[in-house]
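1. quick one: sequence and predicted model below, then my questions.
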Amino acid sequence: MVRRARQLYRDILDGRYFVAIPFHWRLEIGNALRRTVAAGEFDLRRAQKAIRWLLGFAQNHCLTCEPTSPWDELIRNADAWSVSLYDVLYLDLAAKIQATFWTADLRLYRHWHSRLDLRWLSVGWIGFYPETAPPLVSP
């Protein structure tokens, strides 16, 4: 998966993709890095370096968006789609701009893959990048 993520990163740097991210992404990244420090996988200095790099990447290559739907609709969709409110912000943004939502969250991808009623929404797992079509068999 790391090789595929690097390929996606290079494609973004080369201007092949426009990247839109919801406003809360910094909180999710910060929390993930906090968990890696708490688990002893990163030291604090490495986590701080990672967040600085990510903030710079986002500033130079991403458009940060406010919610694209009213909050009551987002909550209804989170319930209907059986995902967290955090995840529905990414999915809703992708739906509104008719984009593929690329995720490294295999659990979220498998959930989407199992829901035939959600196939209208384009979701890709980074482990399958650059293919955008769902695989014949869930990973």
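-> On my side now, so go ahead.

2. and the strands in the protein, which stretches?
-> For the chain, strands defined by DSSP state E occupy the ranges 19-22, 62-65, 101-103, 123-125.

3. most packed of these?
-> Mean neighbour count (mean count of other Cβ atoms under 10 Å) peaks for strand 123-125 among the strands of the chain, with a mean of 22. In this view, the C-beta of every residue, glycine as well, is placed from N, C-alpha and C.

4. which other residues reach that strand?
-> 91, 94, 100-104, 106, 108-109, 112-113, 131-132, 139 (Cβ atoms under 8 Å, 6 or more residues apart in numbering).

5. one more pass at 6 Å, please.
-> Residues outside strand 123-125 that contact it (Cβ atoms under 6 Å, 6 or more residues apart in numbering) are Thr100, Phe101, Trp102, Tyr109, Trp112, Thr132.

6. just checking: what are the partner strands of that strand?
-> Each strand paired with strand 123-125, and its direction, by DSSP bridges: strand 101-103 (parallel).

7. what's around Leu91, how many residues?
-> When neighbours are counted by other Cβ atoms under 10 Å, Leu91 registers 23.

8. residues contacting it?
-> Leu91 touches Phe101, counting by Cβ under 6 Å, 6+ apart.

9. one more pass at 8 Å, please.
-> With contacts defined as Cβ under 8 Å, 6+ apart, Leu91 is in contact with Asn77, Trp81, Val83, Phe101, Leu121, Val123.

10. next one: Cys65 from Asp11, what distance?
-> 20 Å (Cβ to Cβ, to the nearest Å).

11. hmm, back to that, need the contacts of strand 123-125 in JSON lines with distance to Gly30 and pLDDT, can you?
-> JSON lines is the format used below for these (distance: Cβ to Cβ, whole Å; pLDDT from 0 to 100):
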{"residue": "Thr100", "distance to Gly30": "25", "pLDDT": "90"}
{"residue": "Phe101", "distance to Gly30": "20", "pLDDT": "92"}
{"residue": "Trp102", "distance to Gly30": "20", "pLDDT": "92"}
{"residue": "Tyr109", "distance to Gly30": "23", "pLDDT": "92"}
{"residue": "Trp112", "distance to Gly30": "25", "pLDDT": "91"}
{"residue": "Thr132", "distance to Gly30": "29", "pLDDT": "59"}
